[in-house]
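next one to model:
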Amino acid sequence: MDQPQDRAAKPPGQARRPGLLAGFALVLAFAFAAGLWWETRGRISDTQQELAHRLRDIEADARSARAAARDSQEATRQALAKLSALEARFAETQSQQLALDSLYQELSRNRDEWQLAEIEQVLAIAQQQLQLSGNVRAALLALQLAESRLARADRPQFLPLRRALARDIDRLRSVRVVDLPGMSLKLDALVAAVDTLPLAFDERAERDAPARAAGTGAAEPNPWARFGRELWNELRQLVIVRKVGVDEPPLLPPSQAYFVRENLKLRLLNARVDLLTRDEAGYREDLRVAERWIQRYFDARSKATQSMLAQLKQLSGASLSSEAPSISESLEAIRGFKSRRERG
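Modelled structure (predicted):
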């Protein structure tokens, strides 16, 4: 009850002072709030501007990132397309490689088969030559040819064949070789030289001609004397005295001389056939008969005749007997290899 009375009892100046203070405080608060609002607004504006700037930067970066992403996606698509094309090309190349490998294997197998068939044929012919004519040199050349072809092929599976060929080559080299082709050529040369041999009948005619020419003498001026001399020469020819025991060459007419030469050629050709068939007895007999005919019907003092007789003696002294070689080991190796290859 006392307080209201006390406030009523205060003076008016004191009563308005709190209101002024409150208003002043309110103004200060409003000013502070306004300054704070203005400052805050400026900061917000700066923040907005900075945020907008950053947003623009972010949008630019985003656009760049989107462009880079698009470029990356395009490059990825291109890379994937190239990769798929490369995969297709690789698959095609691989299929072509497989086809080429198959074709190469087929060609290689066919080439090996052709080569083996050719080598077998060569060895078979060489074996026939050995069995028929004993031609060791031809068989040796055939074996060396087969071994060189297998060496050029350089296949490990051909090593057993090359070893068999090497053994047969060594076996043929150790065989004593009779030069049948050389002897055959010598006989052919003798056959060709038969026509050049002078006959003993021709030599006898040439020996008697000077005697007849000496008997006739020079032409005389007196015809009766020349006639008497010629008559005397003819009468002397009617009776001829010769020493007994001296063989004179037979007087052969031209037709018989031709047959003598042809028969001699036939003897030499028969000796050549006996040589190729290794008929040593027939070979020596034909040469002996040919030598006897040459001594009987041809001029033994001629150099051609003496040379032919010397060659006949040399050919007669050659031995035809030798061990018949064989290359059956190489043939069996080739045929066995082919049969195993065909079964495989």
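
helices or strands next to the helix or strand hosting residue 101 in the packing?
When secondary structure is defined by DSSP states H and E, residue 101 falls within helix 12-133. Taking 3 or more Cβ pairs under 8 Å, 6 or more residues apart in numbering; DSSP states H and E as contact, the helices and strands that helix 12-133 lies on are helix 136-153, helix 328-343. (Each C-beta comes from the backbone N, C-alpha and C, glycine too.)

go through the ones you listed and pick out the most buried.
helix 136-153 (a mean of 18; mean count of other Cβ atoms under 10 Å).

got the angle for it vs helix 12-133?
In terms of direction (axes from the mean of the first three to the mean of the last three Cα atoms, to 10 degrees), helix 136-153 departs from helix 12-133 by 180 degrees.

let's see helix 136-153 as CSV, backbone CA atoms only.
As requested, C-alpha coordinates have been extracted for helix 136-153 and formatted as CSV (Å, rounded to 0.1, in the frame of the first residue of the first chain):
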residue,chain,number,x,y,z
VAL,A,136,78.3,-101.2,-108.5
ARG,A,137,79.1,-97.7,-109.5
ALA,A,138,75.5,-96.9,-110.6
ALA,A,139,74.2,-98.4,-107.4
LEU,A,140,76.6,-96.4,-105.3
LEU,A,141,75.6,-93.2,-107.1
ALA,A,142,71.9,-94.0,-106.4
LEU,A,143,72.6,-94.6,-102.7
GLN,A,144,74.5,-91.3,-102.4
LEU,A,145,71.7,-89.5,-104.2
ALA,A,146,69.1,-90.9,-101.8
GLU,A,147,71.2,-90.1,-98.8
SER,A,148,71.8,-86.5,-100.0
ARG,A,149,68.0,-85.9,-100.4
LEU,A,150,67.3,-87.2,-97.0
ALA,A,151,70.0,-85.0,-95.6
ARG,A,152,68.5,-82.0,-97.3
ALA,A,153,65.1,-82.8,-95.7
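
starting at the chain centroid, how far to that helix?
12 Å (Cα atoms, centre = their mean, to the nearest Å).

what does it contact?
Applying Cβ atoms under 8 Å, 6 or more residues apart in numbering, the contact partners of helix 136-153 are 112, 115, 118-119, 122-123, 125-127, 129-130, 158, 161-162, 165-166, 168-169, 172-173, 175, 177, 181, 325, 327, 330.

where does pLDDT dip in the stretch 51-200 of the chain?
102-110, 133-134, 177 (pLDDT under 70).

filter the contacts of helix 136-153 down to the buried ones, PyMOL style.
The following PyMOL selection, which keeps only the buried ones among the contacts of helix 136-153, applies the criterion 16 or more other Cβ atoms under 10 Å:
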select buried, resi 112+115+119+122+123+126+127+129+130+158+161+162+165+168+169+172+175+325+327+330
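
okay, now the domains of this structure?
The record's domain parsing of the chain by automatic domain parsing lists 112-177+327-343, 178-199+252-321, 200-217+226-242.

reformat the ones you listed as CSV; add distance to residue 27.
CSV is the format used below for the domains of the chain (distance: least, Cβ to Cβ, whole Å):
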stretch, distance to residue 27
domain 112-177+327-343, 116
domain 178-199+252-321, 149
domain 200-217+226-242, 180
